[in-house]
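Participant: Sequence first, predicted coordinates after that:
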Amino acid sequence: MCRWAAYLGEAVFLEDIITAPCHSLIAQSHCAQEAKSPTNGDGFGLAWYGDRPEPGLYRDILPAWSDPNLKSLCRQIKSGLFLAHVRASTGGATSRMNCHPFVSSRWSFMHNGQIGGFEKIRRALENSLSDAVFDQREGTTDSELFFLLMLDEGLSADPQGAV
């Protein structure tokens, strides 16, 4: 199962939550004490909001604990709103496009878990997407498809209704 952190509040350096504390997201990704799987090594991602309306995005397939760029970015980026995700794949290839968070315009999204029976409903769900939203699909995960479905259901106008 994946692990994630979300933050909304006064601007802090991302390292204060993601990399520095003894129980940081990175520490948990390497050696989780209360989990089915002690490691989350199938990639990671960050989405953060700064002075522009759209979020910054950094994702990679390396395990989060082994990426020196992640530590450097977290030490330098200060934000009052960010998402961080470490992946333990339950489906879909280990690829950058399958790493969370997913971003579209001003929105960012991540999901923990899996949609039961996804392979049986995947095609119907993909076919229900408008062409414009379908063209945004980059990966193969149920999480990205769920995000795109919410975009198509009017996430910008009615977030609660879209979900």
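Facilitator: Yes, it's here. Numbers count the residues shown, from 1 in each chain.
Participant: just for the protein, where's the confidence low?
Facilitator: 1, 31-41, 90-92 (pLDDT under 70).
Participant: what about the strands in this protein?
Facilitator: 3-13, 44-48, 56-60, 78-86, 102-104, 107-109 (DSSP state E).
Participant: In terms of secondary structure, what does the first one contact?
Facilitator: Contacting strand 3-13 under the criterion 3 or more CB pairs under 8 Å, 6 or more residues apart in numbering; DSSP states H and E are the following elements: helix 15-18, helix 25-30, helix 68-76, strand 78-86. For the C-beta atoms, the positions are set from N, CA and C on the backbone; glycine is no exception.
Participant: can you put those in TSV and add distance to residue 138 and mean neighbour count?
Facilitator: Below are these laid out as TSV (distance: least, CB to CB, whole Å; neighbours: other CB atoms under 10 Å):
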stretch	distance to residue 138	mean neighbour count
helix 15-18	23	20
helix 25-30	23	22
helix 68-76	21	15
strand 78-86	16	22
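Participant: For residue 107, which of the ones you listed is the nearest?
Facilitator: For residue 107, the closest of these is strand 78-86, at 10.7 Å, according to CB to CB.
Participant: rewinding a little: how about JSON lines for the helices and strands packed on strand 3-13, with distance to residue 153 added?
Facilitator: Shown next, in JSON lines, are the helices and strands packed on strand 3-13 (distance: least, CB to CB, whole Å):
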{"stretch": "helix 15-18", "distance to residue 153": "31"}
{"stretch": "helix 25-30", "distance to residue 153": "30"}
{"stretch": "helix 68-76", "distance to residue 153": "32"}
{"stretch": "strand 78-86", "distance to residue 153": "20"}
